[in-house]
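Visitor: Give the three-dimensional model of this entry:
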Amino acid sequence: MQVKPVAKRISLSRAARLVGVKRGTLQQQIRAGELKTFEGEIVLADLLQAYPNAQIEDSSMLERVEQIIEQASFINPDISARKPDNIALTSRIMSLSEDLSRHKRLVGRYRQFTAQLAEKIEKLTAEPDGLKQLQVWIDEAMTTIQVDDDTIDQSSVNETFLRVMSAQATVIPSNHEFFIEGAESILEAGLRGGLALNYGCSNGNCGLCKLRVVSGDVRRIKHHDYSLTEAEKGLGYILGCCNTAMSDVVLEADEARDSSDIPKQNIPIRIRKIEHPSRDVIIVSTRTPRTSRLRFLAGQGATLSIDHVGSRFYPIASCPCDDMNLQFHLGVDSRDPIASYLYESAKPNDLLTLEGPSGSFVLILLKNSVIKWPISAHQITAMIGSLR
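Guide: Down below sits the predicted model:
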């Protein structure tokens, strides 16, 4: 069963204060059916849709709250914080208990061996005098071991705590590693960790995020419509977007080696907001549909198209780990119809078409150069020319 994500709701008084209107104005809109309330509260998304041009002072914080809620609901709608659920927590504690039991048995065997060795040497002390010195050394060593047993190693305590709260995943054959926090999906954790794992819809329909569990325990956290064959199940294949790790795991998964491994996509996106940090630069924040997220590598870009305006390629300025919220930094230029339209006429919720990703990542190290944003094309050309 598909569970709807939790909507962020705020009080009527706070809503009025955020958008800069009187409480009575919002009440009139509610009576007119323009806004809906739930137990005296307004859904934040409805408020922002009704007042798209409102200058909300703490909008960045509100957007962060929305993002956290959305990510939490994408993993599991019942989880409000990045912490393991009871099943994952129990599994990880059991795993640590087994490790502790093994180490205790090993320490006990070493102690038994040391005691037997001491008894043996004591019998031989009547012969060579050198054995007495060895006996003294063993006594000192045993004292040191006893002191160490009573001393708490804080780094070990911290490591144990992290093992309870998160699981470590190792991907083969690349040997890349990342941490899976709480009950987030393996795919989400891998993307957050900077890995270019293979995936498509992120919703359990396409099967592109299929990977094989080589070792460790996993658990499914949401339903998926894609059907694995019995042979695949027998080999340990799962969907990365619908499973989390119960313990440290080793996974066999496909990773993009370069831009040629990333498929081209055509996605409708909506404008969330447009910022103007300077007179000749705009920052356009957009959002993809939940089931059509853009998979891309750092340094790639995409072509934005607007009906009756045109199309143009722009670099993507956001992290591949947040594949649903895409950001573009555009220089305002009269020769660029897309940038001009976005600067002059576009507004939140307008629809664009994205095609991509395209391009390859290129890192240029500029010696003795200080770069200040915004930077123009001729400044970049001049700096590159100085390296020749």
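Visitor: Just the terminal-to-terminal distance for stretch 323-340.
Guide: From its first residue to its last, stretch 323-340 covers 26 Å (Cα to Cα, to the nearest Å).
Visitor: typo on my end, stretch 251-271
Guide: The straight-line separation of the ends of stretch 251-271 (Cα to Cα) is 37 Å.
Visitor: residues of that stretch that come out buried?
Guide: By neighbour count on 16 or more other Cβ atoms under 10 Å, the buried set for stretch 251-271 is 251, 253-254, 256, 259, 262, 265, 267, 269, 271. All C-beta spots, glycine's among them, are computed from the backbone N, C-alpha and C.
Visitor: Can you find the helix or strand in this protein with the smallest mean pLDDT?
Guide: When each helix and strand of the chain is scored by mean pLDDT, DSSP states H and E, helix 59-75 comes last, with a mean of 50.
Visitor: Toward the C-terminus, what is the element adjacent to it?
Guide: helix 86-124 (DSSP states H and E).
Visitor: Who are the packing partners of that next one?
Guide: Secondary-structure packing of helix 86-124 (3 or more Cβ pairs under 8 Å, 6 or more residues apart in numbering; DSSP states H and E): helix 130-150, helix 154-165, strand 218-220.
Visitor: any low-confidence regions in the stretch 251-388 of the chain?
Guide: 361-388 (pLDDT under 70).
Visitor: one more time with 50
Guide: Where the stretch 251-388 of the chain drops to pLDDT under 50, the residues are 362-365, 367, 373-375, 387-388.
Visitor: Same question for the stretch 101-250 of the chain.
Guide: Looking at the stretch 101-250 of the chain by pLDDT under 50, you get 147-150.
Visitor: of the buried residues of stretch 251-271, closest to Glu119?
Guide: Within the buried residues of stretch 251-271, proximity to Glu119 (Cβ to Cβ) peaks at Leu251, which comes in at 49.3 Å.
Visitor: Name the helix or strand for the closest one, please.
Guide: Assigned by DSSP H and E, Leu251 falls in strand 249-252.
Visitor: Could you do Glu232 as well?
Guide: Going by DSSP H and E, Glu232 is part of helix 230-235.
Visitor: Report all helices and strands that the helix or strand hosting His276 contacts.
Guide: Secondary structure assignment for His276, by DSSP H and E: strand 265-278. When contacts are defined as 3+ Cβ pairs under 8 Å, 6+ apart, strand 265-278 packs onto strand 281-287, helix 337-344, strand 351-358.
Visitor: Distance to Leu294 and mean neighbour count for those - can I get that in TSV?
Guide: Formatted as TSV, those follow (distance: least, Cβ to Cβ, whole Å; neighbours: other Cβ atoms under 10 Å):
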stretch	distance to Leu294	mean neighbour count
strand 281-287	10	19
helix 337-344	18	18
strand 351-358	7	18
